[in-house]
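S.K.: kindly generate the corresponding structure for this input.
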Amino acid sequence: MLTLTSPVETPLHRLPAGLKLAALALFTLVLFRLASALPLAVAAVLVAALHLCWGRRFALHGLRMLRPLWPFVLVVALWHLWTQDVAGGAVILLRMGAAVAAANLVTMTTRLSDMLAVFETLARPLSPLLPPRRLALAFALVIRFIPTMGERIALLAEGWRARSSRRPGWRLVVPATLAALDNADQAAEALRARGGTD
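M.R.: Okay, the predicted model is just below:
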């Protein structure tokens, strides 16, 4: 199973997963209650400080995990510059950056198995409709395959660029879909070989 946990050991690694996830939920709720840039900037600085206080390697790992945000940052920034609402754009970007960085901090300091155990416990009331173990497994598979699919799409794009000077764009939709189906088929075969989800 893919792990996004940081190899740099910190005191945060020893805190219970449920406590960290509850703190993340509360922090995110507070972020969405804040409506001006200054308190959101303070929250963002606080999250950045929590990354930096565990060393350069840990902070750089956290920074790398923010890379998927850049397209959204660019779109939001350009839109708010065009509409001349810089303050509104700053609020959105600070809120988004602080929330994602805080979520990454929890991910970097919590084993996936511990998070899944919390998720399975929370899903127990749904057990008459759907077994909590299956929900937790679906959650784990999503976490596992998002970065894998990102890598497959990057390889497909690289192969396209090696054969053509045109941008791949929509032409990657079919091979990416086939790759996703292939991954799903392999995962299903592996689960069946291990006796399913029960």
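
S.K.: what strand or helix carries residue 115?
M.R.: helix 112-122 (DSSP states H and E).

S.K.: tell me where this protein has strands.
M.R.: Counting by DSSP state E, the chain has no strands to list.

S.K.: would you mind splitting it into its domains for me?
M.R.: Per the record's domain assignment (automatic domain parsing), the chain is made up of the domains 14-110, 124-193.

S.K.: what's the span of the longest one from first residue to last?
M.R.: For domain 14-110, the first-to-last residue distance is 8 Å (CA to CA, to the nearest Å).

S.K.: starting at the chain centroid, how far to it?
M.R.: 12 Å (CA atoms, centre = their mean, to the nearest Å).

S.K.: how close does residue 45 sit to residue 30?
M.R.: To residue 30, residue 45 is 15 Å away according to CB to CB, to the nearest Å. Heads up, the C-betas are built off the backbone N, CA and C, glycines and all.

S.K.: scratch that, residue 166 is what I was asking about
M.R.: 47 Å.

S.K.: ok, the two, which is more surrounded?
M.R.: Legend: neighbour count by other CB atoms under 10 Å for residue 166 and residue 30, higher for residue 30 (13 against 9).

S.K.: list the contacts of the nearest residue to the more buried one once chain neighbours are set aside.
M.R.: Leaving out its chain neighbours, the residue that sits closest to residue 30 by CB to CB, 6 or more residues apart in numbering is residue 43, at 7.5 Å. Residues near residue 43 by CB atoms under 8 Å, 6 or more residues apart in numbering: 27, 30-31, 34, 94, 98.

S.K.: any chance of those in a markdown table, with pLDDT too?
M.R.: Compiled in a markdown table, these are given as follows (pLDDT from 0 to 100):
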| residue | pLDDT |
| --- | --- |
| 27 | 95 |
| 30 | 94 |
| 31 | 92 |
| 34 | 90 |
| 94 | 92 |
| 98 | 93 |
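
S.K.: out of these, which is most surrounded?
M.R.: Sorting the contacts of residue 43 by how many neighbours each has (other CB under 10 Å) puts residue 98 first, at 24 neighbours.

S.K.: ok, and the closest non-adjacent residue to it?
M.R.: residue 44 is the one closest to residue 98 (CB to CB, 6+ apart), at 4.2 Å.

S.K.: so where is the protein shaky, pLDDT-wise?
M.R.: Applying pLDDT under 70 to the chain flags the ranges 1-4, 139-148, 150, 188, 191, 194-198.

S.K.: nearest to residue 68 among the contacts of residue 43?
M.R.: Nearest to residue 68 among the contacts of residue 43 is residue 98, at 15.7 Å by CB to CB.

S.K.: list the contacts of that closest one.
M.R.: 31, 40, 43-44, 47.

S.K.: returning to what we had before: give me the distance from the helix holding residue 115 to the chain's centre.
M.R.: With CA atoms, centre = their mean as the basis, helix 112-122 stands 16 Å off its chain's centre.

S.K.: for it, name the packing helices and strands.
M.R.: Where contact means 3 or more CB pairs under 8 Å, 6 or more residues apart in numbering; DSSP states H and E, helix 112-122 is packed against helix 17-33, helix 132-163.
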